[in-house]
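> Generate a structure from the sequence data that follows.
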Amino acid sequence: MAKRNANGMGTVTRRTDGRWQAAVYVPQPDGTEKRKFVYGNTRDEAEEERHKLVDKARSGIPVPTRSPRLAEWLPLWLEEIVKPTRKRTTYVKYEMHSRLYLVPMLGTKRLEALNVTDVRRFLTAHAKQHTSATAKESHAVLRSALSAACREELISRNVAKLVQPPRVESKQYEPWTIEETLIFLRAVRRDPMYAAILLAVALGLRRGEIVGLKWSQVDFSSATIHLGKQLQRRNGELYEDTTKGRKRPMPLPLICVVALRWQRLRWLAMREKAGAGWSENDYVFVTRNGRPIEGRNLYRSFTRIAAGAGLRVVRLHDARHGFATLMADSGVEPRLLMELMGHSEIGVTMNVYTHVVQKSKREAIKIVDRLLRPERSR
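I've put the predicted structure just below:
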């Protein structure tokens, strides 16, 4: 005879195959209740599993009797977990990977049935159809989504963590040399975008930090700008956001102070000329009617001037790499460089930006000559 429990405590019975099963009515994510079955090789094991279910039911913790498909979980995860807690740029990237890759290739799999082999085959096919870098990003999105499912107790383990992402070769950046940088600065000096582009070249500021810079962040008395905000455009909407790194004060070299003072005079003249048509805001770099400039227009000016000066056309972000390389080559300590660049982790500074230029490599190799030089016979 099966031992009867009080109402709400579930039941434990022996199956025809000799195993034991426990059944408890548990709450579902949609607010309903359904009967959940758990199993054990002995009665004690089944009792233990039954007590776990009863404790969760009493605490109001949802215990799905059947996990959702990945195509059902991803939209819910994006809207209820990612959107309220992460940056908009992160949400847009996660949504894109979910819509274009995860749902079409893995969407029919239920979370509890998804296994290591499924994920590995998905990454292999993904890398062949697209690129290893894109597949690696999709793996990160899947891993994050399944981690959230674990926290919601929809699944007990995250199989994406058990699969290595595709290997991606590190990009080799070739920023301008100091000679090329000086040529560029001479060419850009009379351009209306001079001060904005100078902040990228001389200080390594991100594009969003430049177009989102406000006069309230500029302190001429101490020759400092206070960074931590940026201006972004996603899905046609222009919005302010915080930067990826920490908020930080950035000392200004004299060349940047002079350029920003010139920009201030130009800004005041533009506002007076626009009159009632001026869009009141505090942005440093604006159009003729006072609206903030677009990041893509800043990049176009940068490439146009570089091409006109006969220089290699590099990305505007490569100016940031060039700044970091110049600082590293000049002997700036990695921790200080991390602060100047606004990185949240020292690993980013060390692994991506501190590329030592050829001159420094040659100087380092000379040490080998001095150490291994054979002694002269007396």
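> hey, let's count contacts and neighbours off CA atoms from now on
Noted.
> Skipping adjacent residues, who's closest to Ile293 in space?
Distances taken as CA to CA, 6 or more residues apart in numbering put Val286 closest to Ile293, at 5.0 Å, once the chain neighbours are dropped.
> do you know how far that neighbour is from Thr242?
Taking CA to CA, to the nearest Å as the measure, Val286 falls 20 Å from Thr242.
> Kindly report the same for Thr32.
40 Å.
> who has more neighbours, the two?
Shown here are Thr32 and Thr242; by other CA atoms under 10 Å, Thr242 has more neighbours (16 against 10).
> Need the residue closest to the centroid of this protein.
By CA atoms, centre = their mean, the chain has its centre lying nearest to Thr90, at 6.3 Å.
> got a list of what it touches?
Going by CA atoms under 8 Å, 6 or more residues apart in numbering, Thr90 touches no other residue.
> Got the confidence number for it?
At Thr90, the pLDDT value in this model is 91.
> you'd agree it is in a helix?
Yes - under DSSP: H, G, I helix; E, B strand; the rest coil, Thr90 falls within a helix.
> Strands of the stretch 1-150 of the chain, residue ranges please.
With strands called from DSSP state E, counting those that start in this stretch, the stretch 1-150 of the chain shows them at 11-14, 20-27, 33-40.
> any chance of those in a markdown table, with mean neighbour count and distance to Glu112 too?
Shown next, in a markdown table, are those (neighbours: other CA atoms under 10 Å; distance: least, CA to CA, whole Å):
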| stretch | mean neighbour count | distance to Glu112 |
| --- | --- | --- |
| strand 11-14 | 20 | 24 |
| strand 20-27 | 23 | 18 |
| strand 33-40 | 17 | 14 |
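> could I get those as CSV with mean pLDDT and distance to Trp77?
Below are the strands of the stretch 1-150 of the chain laid out as CSV (pLDDT from 0 to 100; distance: least, CA to CA, whole Å):
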stretch, mean pLDDT, distance to Trp77
strand 11-14, 90, 34
strand 20-27, 88, 20
strand 33-40, 84, 22
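> Could you chop this protein up by domain?
11-59, 70-162, 178-358 (automatic domain parsing).
> Looking at those domains, which is nearest to Ser170?
domain 178-358 (8.5 Å; CA to CA).
> next one: the closest one to chain centre, how far?
Once both centres are worked out by CA atoms, centre = their mean, to the nearest Å, domain 178-358 turns out to sit 20 Å from its chain's centre.
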